[in-house]
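S.K.: build me a structure from this.
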Amino acid sequence: MLAELFSDVRDNPFVLVPTTRLARGLAKLQAVRDVSEGAQAFAAVLLDLYLPDSDGIETLLKVKAIAPNLPVVVLAAARDRKLAVQILQQGAQDLLVKSGLEGELLVRSLQHAIHRQQAEERLRQQIERERLLAGIVERVRQSLDMQDILLTTAREVQQFLQVTQVVIAPCAPDPDGCLKFTANNPASDRAGSWRWQRCSFCGESLRAEPHTQSTLPVFSRSTAILTVPILNIASAATERLWGTIAIYDWRHARQWLPWETEFLSHLAGQLEVAIHQAQLYRQLAHANSELLRQATRDGLTGRANRRYFDRRLAEEWRRLSRLRQPLAAIMVDIDCFKSFNDTYGHLAGDLCLRTIAEVLDRSARRPADLVARYGGEEFVLLLPETDMTGALAVAENICRQVAALRWPHINSPVRPFVTLSLGVTASIPQLSQSSDWLVATADVALYNAKRLGRDRVGLVGVARSELPVADETAIGCYTKFEAGICLHDSIQ
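M.R.: Just a heads-up that it's a prediction; the model follows:
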């Protein structure tokens, strides 16, 4: 009957593929399930609810399960308002009564069903696109990390458009030339990282179309590609190009739909804002980091300043008092530094300070060790979990390194070279005692080293039994050591 009705219609655009059993019809639908790619995809389904193996309204559900986007027109034996409501609720586009059915009405109903289905699909896609864009915008507002924003965007676009790969490519690539922000289709056996090649539009003022469908050299392996520019809105006056967002498909040639280009262009606009915000955040973070560096670092030597040292000293004092571990401090003073500046000039003096700071760094190598400029020509070393023996070894190492420099200081009353005086102390911190005690004790040791002739290490707060060697002869040897060691009067 349906074949006769179709044959009566002039210029009938449809070709009927009839089947007398539901199972066969479902099998044919399954064979061309991917309607968008099937070479003989169906335009619509005429469904008779009264086929021999049909199951009433369940039959429609089976068809929609296989081809959810295919318009369905249901044929019924009689007009039934309740049945009409049910099939429309389950996704059918129309219900026709077989008795008295005319070919023109049947063709017109199919055409309207297809148009309605297409309109519904366009609306669904628009809602999905708006949802995706809203999600991206929300994440842009929540994250200021550029890599996270771009990589998340690439992945979601790839999943939404079901393309082989999405690439968000900055004009300035990494030194190794790899593009980071890519999203690959896991099903593709050709997924991989592209290598950046020179493109004529990179860095130039943009006066081109808002999007391009073409094959660029960098994407020469792709069958279909759609690229959209991403502008740097920080330099909107010249419309400088920041990069591109590109989607491409290796599977088959295709003409990108208008909504796809509109979607990608809109997305590029959101990315421009996100990139600008991320750049501003990065600049702010860099400025804050620089302010923190200036607040905690000495401008001349680049080492910690007095403020930062005081903070770390208090922190380590509290921490090591709980652990019952020692904390050592070494005060360092450049001997006769004023005379050095007067003789060689302040630029040479600055260089000398930086060089001594490097020597101290090489001697305090553990991550927890701290070298700070205490003021003028004085430095201080903070050595957590270091006893007097360990601190003395560090001090001796410093003296050896400075002596090896043989930095001329012709007007020094000590030696004709730059020398240091050091004060060393170590103690297990007590919360009942102020952390300032450690610095004050090291300062006393430094004072005694200078009082006894400079170019030596002064010790304080230590018994003879705590020294590396305890006999008088050995201590005397230490006293005669080239850098010199003096013992504080309080040692018993």
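S.K.: now stretch 344-358: average pLDDT?
M.R.: When pLDDT is averaged along stretch 344-358, the result is 97.
S.K.: can you give me the buried ones in that stretch?
M.R.: By neighbour count, and taking 16 or more other Cβ atoms under 10 Å as the criterion, the buried residues in stretch 344-358 are 344, 349, 352-353, 356-357. All C-beta spots, glycine's among them, are computed from the backbone N, C-alpha and C.
S.K.: do stretch 273-282 as well
M.R.: Of the residues in stretch 273-282, those with enough neighbours to count as buried (16+ other Cβ under 10 Å) are 274-279.
S.K.: ok, so of those, who is nearest Lys82?
M.R.: Checking the buried residues of stretch 273-282 against Lys82 with Cβ to Cβ, the nearest one is Ala274 at 52.3 Å.
S.K.: OK, contacts around Lys64?
M.R.: For Lys64, the contacting residues are 72, 90-91, by Cβ atoms under 8 Å, 6 or more residues apart in numbering.
S.K.: lowest-confidence entry in these?
M.R.: Gly91 (78).
S.K.: state the distance from it to Ala76.
M.R.: The span separating Gly91 from Ala76 equals 16 Å under the rule Cβ to Cβ, to the nearest Å.
S.K.: ok, which stretches of this protein are strands?
M.R.: Taking DSSP state E as the criterion, the chain carries its strands at 45-48, 72-76, 94-97, 165-170, 181-184, 212-213, 224-231, 241-249, 327-334, 370-375, 378-384, 420-427, 457-459, 485-487.
S.K.: gap between Arg124 and Gln162?
M.R.: Distance, Arg124 to Gln162, by Cβ to Cβ: 15 Å.
S.K.: next one: Asp148
M.R.: Counting by Cβ to Cβ, the gap between Asp148 and Gln162 amounts to 23 Å.
S.K.: what's the answer for Arg362, then?
M.R.: 59 Å.
S.K.: over to Arg456?
M.R.: Going from Arg456 to Gln162 by Cβ to Cβ gives 78 Å.
S.K.: which of the two has more residues huddled nearby?
M.R.: For the pair Arg456 and Gln162, the greater number of neighbours falls to Arg456 (25 against 11), based on other Cβ atoms under 10 Å.
S.K.: my guess is the more buried one contacts Ser421. True?
M.R.: Yes - with contacts defined as Cβ atoms under 8 Å, Arg456 counts as touching Ser421 at a distance of 6.4 Å.
S.K.: overlap in contacts of the two?
M.R.: Taking Cβ under 8 Å, 6+ apart as the contact criterion, the residues that touch both Arg456 and Ser421 are Ala449.
S.K.: dihedrals phi and psi, the residue of the chain positioned farthest from its centre?
M.R.: For the chain, the largest distance from the centre (Cα atoms, centre = their mean) belongs to Gly100, which lies 67.5 Å off. Dihedral angles phi and psi of Gly100 (degrees, to the nearest 10) take the values phi 80, psi 10.
S.K.: any idea how far it lies from Thr244?
M.R.: Where Thr244 is concerned, Gly100 sits at a distance of 59 Å (Cβ to Cβ).
S.K.: now swap in Trp259 and tell me
M.R.: Taken as Cβ to Cβ, the spacing of Trp259 relative to Thr244 amounts to 20 Å.
S.K.: neighbour count winner among these two?
M.R.: Neighbour count, other Cβ under 10 Å: between Trp259 and Thr244, Thr244 has more, with 22 against 12.
S.K.: the more buried one against Thr227, yeah?
M.R.: Yes - contact criterion Cβ under 8 Å: Thr244 and Thr227 qualify, at 5.0 Å.
S.K.: all helices of this protein, in order?
M.R.: Using DSSP state H, the helices found in the chain span residues 2-7, 22-31, 57-66, 81-89, 103-142, 146-161, 258-296, 306-323, 337-344, 346-363, 388-405, 436-451, 472-479.
S.K.: buried sites along the second one?
M.R.: The one in question is helix 22-31. Judged by neighbour count using 16+ other Cβ under 10 Å, the buried positions of helix 22-31 are 22, 25-26, 29.
S.K.: wait, which of the residues you listed is closest to Ser435?
M.R.: Sorting the buried residues of helix 22-31 by how near they are to Ser435, with Cβ to Cβ, puts Leu29 at the top with 80.8 Å.
S.K.: list the contacts of the closest one.
M.R.: Shown in contact with Leu29 (Cβ under 8 Å, 6+ apart): 42, 45, 63, 66-67, 70.
S.K.: for Gln86, see how far away it is.
M.R.: Applying Cβ to Cβ, one obtains 21 Å for the distance of Leu29 from Gln86.
S.K.: before we move on, what about Arg303?
M.R.: Look at Arg303 and Gln86: by Cβ to Cβ, they are 81 Å apart.
S.K.: looking at those two, which has the bigger crowd around it?
M.R.: In this comparison of Arg303 against Gln86, neighbours counted by other Cβ under 10 Å, the higher total goes to Arg303 at 23 against 16.
S.K.: picking up where we left off before, okay, the helices of the chain in CSV with distance to Val15 next?
M.R.: Formatted as CSV, the entries for these read as follows, by distance: least, Cβ to Cβ, whole Å:
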stretch, distance to Val15
helix 2-7, 8
helix 22-31, 13
helix 57-66, 19
helix 81-89, 24
helix 103-142, 12
helix 146-161, 31
helix 258-296, 28
helix 306-323, 83
helix 337-344, 100
helix 346-363, 84
helix 388-405, 92
helix 436-451, 95
helix 472-479, 106
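S.K.: and stretch 431-451, what's buried?
M.R.: For stretch 431-451, the neighbour count (16+ other Cβ under 10 Å) marks 435, 438-439, 441-450 as buried.
S.K.: can you redo the residues you listed as a markdown table with pLDDT and distance to Leu383?
M.R.: Formatted as a markdown table, those follow (pLDDT from 0 to 100; distance: Cβ to Cβ, whole Å):
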| residue | pLDDT | distance to Leu383 |
| --- | --- | --- |
| Ser435 | 94 | 14 |
| Leu438 | 94 | 11 |
| Val439 | 94 | 13 |
| Thr441 | 92 | 14 |
| Ala442 | 94 | 11 |
| Asp443 | 93 | 16 |
| Val444 | 91 | 18 |
| Ala445 | 92 | 14 |
| Leu446 | 94 | 15 |
| Tyr447 | 91 | 20 |
| Asn448 | 87 | 20 |
| Ala449 | 91 | 18 |
| Lys450 | 92 | 21 |
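S.K.: out of those residues, which is nearest to Ala391?
M.R.: Closest approach to Ala391 among those (Cβ to Cβ): Ala442, at 9.4 Å.
S.K.: was I right to think the closest one contacts Asp333?
M.R.: No - between Ala442 and Asp333 there is no contact under Cβ under 8 Å: 10.9 Å.
S.K.: identify the contacts common to those two.
M.R.: Both Ala442 and Asp333 lack any common contacting residue under the criterion Cβ under 8 Å, 6+ apart.
S.K.: distance of Ala43 from Ala119?
M.R.: Relative to Ala119, Ala43 is positioned 15 Å away (criterion: Cβ to Cβ).
S.K.: can you check Ala44 too?
M.R.: For Ala44, the distance to Ala119 under the criterion Cβ to Cβ works out to 14 Å.
S.K.: looking at those two, which is more packed in?
M.R.: Applying other Cβ under 10 Å to Ala44 and Ala119 shows that Ala44 carries more neighbours, namely 19 against 10.
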